[in-house]
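Undergrad: how does the following fold in three dimensions:
(2 chains)
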Amino acid sequence: MADAAATPTRPSPRVGLFVTCLVDLMRPSVGFAAVKLLEEAGCKVVVPSQTCCGQPAFNSGDRATARAIARQTIEAFATCDYVVAPSGSCAGMLARHYPGLFVDEPDMAVKANAFAAKCWELASFLVDRLGVAKVSARYEGVVAYHDSCSNLREMGVAGQPRKLLASVDGLRLVELNEANVCCGFGGTFAVKYGELSDAIVAKKSAAVAASGADTLLAGDLGCLLNIAGKMQREGRAVKVRHVAEVLAGMTDDPPIGESAAGARP
Amino acid sequence: MSGATTPRFKDNVHEALRDERLQRALRHSDNFASGRAAAAERLPEFEALRDSARAIKDHTLAHLDLYLEAYERKVAESGGHLHYARDAAEANAIVLDLCKRRGARTVTKGKSMISEEIGLNAALEAAGIEAIETDLGEYIIQLRGEAPSHIIAPAIHLCKADVEADFRRAHRDLPAARDLSQPEQLLAEARAILRDKFLSADVGVTGANFLVAETGTSIIVTNEGNGDLTQILPKAHVVVASLEKIVPTLADAAQLLRVLARSATGQDMTVYTTLSTGPRRPGDQDGPEEYHVVLLDNGRSAMLGSEFEDMLRCIRCGACMNHCPVYHAIGGHAYGWVYPGPMGAVLTPSLIGVAEGGQLPNASTFCGRCEEVCPMRIPLPAMMRHWREREFERRLSPVAARSALGLWAFFAKRPALYRFATDLMTRALRLAGGARGRFSWLPFAGGWTRYRDLAAPQGATFQSRWRARSGAVR
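TA: Numbers count the residues shown, from 1 in each chain, chains lettered A, B, ... in the order given. Presented below is the predicted three-dimensional model:
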């Protein structure tokens, strides 16, 4: 338990990467981009064994499962100074919703509060906690950054990724119309109410197309899979990536939903 | 029972998305959001006012019994009558009885969502009493036999051409060749027709935005002045309102008024803010001979002390629906009952039961924009989640969804097994979809791939690659 009280100011903070289930399963390159950014900023990165933040259960009304997963996650990251996720949604679950799961368990509530206080979204951890002002990366393109709802409204993340993107060589940032409106993903909502979700993402897809951007970035893979899937279904040629890939200069892997051959059927 | 089509929500969504006329009308519904943002921007103390508004309502709800008693006393002292109604049937019976005692044949109505909730127009018409909506939007949808699609803009689902067609159909005595191409012409025609109705009405029914315990006053806010004519000209004024409309003092009401219109339409104040206290007094130049308040519970007192109590702070500004991506996609009618949007998604299961209304709190992305703009800081997404919890506890959620969640939870609670199984799965999906980089169809993923492509995984999971890289044992 001595580690739990580790001082946050020591030179090389021990950062547990909460990679998120979507990045873990769908797009590991985002995880490695996050590791690179954190290591370059002087962090010691560890990856404790993990599954998911528990949001699918939490948002489906299954509090017991959400609690079990929260307990497991809190224990897994007990020795980390910080927990950083390349996702506003999962970071929001850890930092904003875990404490509320244990209102009836005072001992766990104390742990959950301490855990929540050390959880960060990647871009805001780099900028707000570590004071990173620029990255050394190059990306040729006109880029639109999509604000995920959790980043915007739960984690207070909007300026930080834009600040870092502004330091990327060759990159020109444009803003989307109605940037603060949801893309229609919403986790299980996208499948349970597929038709409704589709109607919402169609507007986002149109906004991206109208922005003139050739690349769309965001800090949440859920939104990105949704927007990329819609734009590809509509035959719109916009490259979609997680913002960490561009910030880390790791864009060798094909964009989301595209193949190594680069063919776009 | 409730007449709600909410259980068929998904069908309603399907129809709404295919309704080109509706979709055209919805394209213009963003103006409220920009209006609200500008109004909030103009007022430096707006955020502080929201805190103060929340505190006023929280205090009132914590002492609702005392304020109800105080209000009742003041209504009586000013010569009015207060009637408690447990549910819709009781409320309608009270209003009908008041109308019959006056021998009423015509009732004019100001805009009232409580009247919609209890189905007052149908009850009046069943008793042979003509009910005439006098708010322009309400008048239009009454001609169409529709319910409001928005709590403050009931006809927002319609375009000007729809209204013109309705007026030509309904107002057959007027010259067919008249010009109705401009909104002002439609307004003038409605005004001329309603003028006669105001003068001939026996009873006027309005809602209330606030009921003031300190003075026994009911307050309505309107932009057309129709509410004033409804409550002043007939011999009897009947207010139908729900019990959470109580506020302690006039000063409290004034505070709430400062956030209400700004949040609703972006106006600093509505055009009219009208206070009514009792019937006409000796020496008054106008006003009704009788003043009644029908105070409706209809499930609200059961929300006190529950996880849904915060919802009773709602002042019906409509900001939540004005900022909701779901409402913007489908409009208000698809929600299937009286209250649409996020506030409706929380309130509907409270009032008609979660078995009937349970679809609504599920149909949310939890984007949080409603809570962000709610002047009363009601945690709408958290309360929708509470409904999902109740559904889950009562096993009301669909079997397929429960099974999928159960299977996922089995793995998610066993990290080693999870890592092994997901690594196999993502490698297999990579083999299947890697060449193209994505799937346009995948078994068990139809809810997704019917509308969107699904990116193929990159192959082995991050955790498996990380372990391989760090030389750790799997």
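Undergrad: the residue in the stretch 151-265 of chain A positioned nearest to chain B: what secondary structure?
TA: Residue nearest to chain B within the stretch 151-265 of chain A: A:Gly186 (2.8 Å; Cβ to the nearest Cβ). C-beta coordinates here come from the backbone N, C-alpha and C atoms, glycine included. With DSSP: H, G, I helix; E, B strand; the rest coil as the basis, A:Gly186 sits in coil.
Undergrad: list the contacts for it?
TA: The contact partners of A:Gly186, by Cβ atoms under 8 Å, 6 or more residues apart in numbering or on different chains, come to A:197, B:364-367.
Undergrad: could you check how far the closest residue in space to B:Gly368 that isn't next to it in sequence is from B:Val373?
TA: Nearest non-adjacent residue to B:Gly368, counting by Cβ to Cβ, 6 or more residues apart in numbering or on different chains: A:Arg153, 4.2 Å away. Distance, A:Arg153 to B:Val373, by Cβ to Cβ, to the nearest Å: 11 Å.
Undergrad: again, but for B:Ala176
TA: 45 Å.
Undergrad: and if you look at B:Ile132?
TA: For B:Ile132 relative to B:Val373 (Cβ to Cβ), the value is 34 Å.
Undergrad: and for B:Ser276?
TA: Computed with Cβ to Cβ, the distance linking B:Ser276 and B:Val373 is 30 Å.
Undergrad: the more surrounded of these two?
TA: Neighbours were counted for B:Ser276 and for B:Val373 using other Cβ atoms under 10 Å in any protein chain shown; B:Ser276 has more, 24 against 21.
Undergrad: just checking, that one touches B:Ala241?
TA: No - assessed by Cβ atoms under 8 Å, B:Ser276 is found out of contact with B:Ala241, at 11.5 Å.
Undergrad: any residues in contact with both of the two?
TA: B:Ser218.
Undergrad: now do the SS call for the closest residue to B:Ala241 other than its chain neighbours.
TA: Closest residue to B:Ala241 apart from its sequence neighbours, by Cβ to Cβ, 6+ apart: B:Ala208 at 3.9 Å. Secondary structure, three-state DSSP: B:Ala208 is coil.
Undergrad: return the per-residue confidence for B:Ala208.
TA: pLDDT, B:Ala208: 98.
Undergrad: counting neighbours, what do you get for it?
TA: Neighbour tally, B:Ala208, other Cβ under 10 Å: 23.
Undergrad: give me the pLDDT for B:Tyr67.
TA: Taking B:Tyr67 on its own, its pLDDT is 98.
Undergrad: so how far is chain A from it?
TA: 29 Å (Cβ to the nearest Cβ, to the nearest Å).
Undergrad: cool, B:Met269 as well?
TA: 27 Å.
Undergrad: give me the neighbour count for that residue.
TA: Neighbours around B:Met269, by other Cβ under 10 Å: 12.
Undergrad: burial of the nearest residue to it once chain neighbours are set aside, as a residue count?
TA: Spatial nearest neighbour of B:Met269, excluding adjacent residues (Cβ to Cβ, 6+ apart): B:Ala261 at 5.3 Å. Residue neighbour count, defined by other Cβ under 10 Å, stands at 22 for B:Ala261.
Undergrad: so what's B:Ala261 up against?
TA: B:Ala261 sits in contact with B:39, B:221, B:267-270, B:317, where contact means Cβ under 8 Å, 6+ apart.
Undergrad: pull up the pairing partners for the lengthiest strand in chain A, direction included.
TA: Taking DSSP state E as the criterion, chain A has its longest strand at strand A:138-146. According to DSSP bridges, strand A:138-146 forms sheet pairs with strand A:169-174 (parallel), strand A:215-218 (parallel).
Undergrad: starting at the chain centroid, how far to it?
TA: 17 Å (Cα atoms, centre = their mean, to the nearest Å).
Undergrad: pull the residues that contact it.
TA: In contact with strand A:138-146 (Cβ under 8 Å, 6+ apart) are residues A:161-162, A:165, A:168-176, A:179, A:183, A:204, A:208, A:211-218, A:223-224, A:227, A:239, A:243, A:246, A:249, A:251.
Undergrad: what's the PyMOL syntax to select whichever of those are buried?
TA: Of those, the buried ones can be selected in PyMOL as follows, counting by 16 or more other Cβ atoms under 10 Å in any protein chain shown:
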select buried, chain A and resi 161+162+165+168+171+172+173+176+183+204+208+211+213+215+216+217+218+223+224+227+239+243+246+249+251
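Undergrad: find the closest residue to chain A in chain B.
TA: For chain B, Cβ to the nearest Cβ, closest residue to chain A: B:Thr365, 2.8 Å.
Undergrad: per-residue pLDDT, the nearest residue to that residue once chain neighbours are set aside?
TA: Distance criterion Cβ to Cβ, 6+ apart; nearest residue to B:Thr365, sequence neighbours excluded, is A:Gly186 at 2.8 Å. Looking at A:Gly186, its pLDDT stands at 96.
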